[in-house]
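Peer 1: I would like to see how this sequence folds:
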Amino acid sequence: MAETHVLFVEDDDVIREATQLALERDGFVVTAMPDGLSGLEAFRADRPDIALLDVMVPGLDGVSLCRRIRDESTVPVIMLSARADSIDVVLGLEAGADDYVTKPFDGAVLVARIRAVLRRFGHASGPDGRGGAGKESAPAADDGLLRFGDLEVDTEGMEVRRAGEPVALTPTEMRLLLEFSDAPGTVLSRDRLLERVWDYGWGGDTRVVDVHVQRLRGKIGQDRIETVRGFGYKLRG
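Peer 2: Presented below is the predicted three-dimensional model:
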């Protein structure tokens, strides 16, 4: 089995070296860089399996680096932020990050989050197959297509089209859309989406859900996903 290559961008020497050693002990191959510009060069040269980006790094900050990576690739990105309530968390998610971890972090927690992201990037479906527990799937044609107005979801080819035009989704966005399309018209809570899409068995920051829903709306249509205040979101059929 191929080793997982991690790009880690962190300007604090102590944190960078300690985290690199911890990840390598868990079997990861780590390329560690002290600033955003060298991180971008390493990304382009090595094409890692996942990127860990500290928000506050010199040269090219982590949010800008995430945006540059997302312009070129759907590789999973986890942002590292010193403050849980920082606006940088939202900015990182809006830039295309898939998740974030607050510093200071426990090495085991970081590894668990990395493995959770990699699991869901291994396939766009959920850990036990696509669909919501206890819900009937939306009817699909023989060709595996689900249709919601001008939106067409190919559940076999993992492709999405809107008004006949292809829509480029990240794997996390695809998982989110599949969760919605499995139960159109059903309100899905943020906690359920965190568990099903992000593999959070212990709860998490619902801003991750909210920002990704906004990103998904921007691609498939603002009115396609409805906010049900106090409860969650639902896909309009």
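
Peer 1: show me the contacts for V29.
Peer 2: E3, T4, H5, V6 (CB atoms under 8 Å, 6 or more residues apart in numbering). (Glycine included, C-beta is placed from N, CA and C.)

Peer 1: any figure for the gap between the second one and D49?
Peer 2: In this case it means T4. 5 Å (CB to CB, to the nearest Å).

Peer 1: need the overlap of contacts for the two.
Peer 2: L118.

Peer 1: wait, what's in contact with the residue nearest the centre of the chain?
Peer 2: Centroid-nearest residue in the chain: D98, 2.5 Å away (criterion: CA atoms, centre = their mean). The contact partners of D98, taken as CB under 8 Å, 6+ apart, are P76, V77, I78, V117, T170, T172.

Peer 1: okay, those in TSV with distance to V153 next?
Peer 2: Listed next are the contacts of D98 as TSV, based on distance: CB to CB, whole Å:
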residue	distance to V153
P76	21
V77	24
I78	27
V117	22
T170	15
T172	15
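
Peer 1: and the residues you listed, which two are furthest apart?
Peer 2: The span of the contacts of D98, defined through CB to CB, is set by I78 and T170 at 13.2 Å.

Peer 1: strands of the protein, start to end?
Peer 2: 5-9, 29-33, 50-54, 77-81, 99-102, 145-148, 151-154, 159-162, 165-167, 225-228, 232-235 (DSSP state E).

Peer 1: a markdown table please, covering those strands and showing distance to E195 and mean pLDDT.
Peer 2: Listed next are those as a markdown table, based on distance: least, CB to CB, whole Å; pLDDT from 0 to 100:
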| stretch | distance to E195 | mean pLDDT |
| --- | --- | --- |
| strand 5-9 | 25 | 97 |
| strand 29-33 | 29 | 97 |
| strand 50-54 | 21 | 96 |
| strand 77-81 | 18 | 92 |
| strand 99-102 | 14 | 88 |
| strand 145-148 | 22 | 89 |
| strand 151-154 | 21 | 92 |
| strand 159-162 | 23 | 93 |
| strand 165-167 | 25 | 93 |
| strand 225-228 | 18 | 96 |
| strand 232-235 | 12 | 96 |
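
Peer 1: I am finished for the moment; much appreciated.
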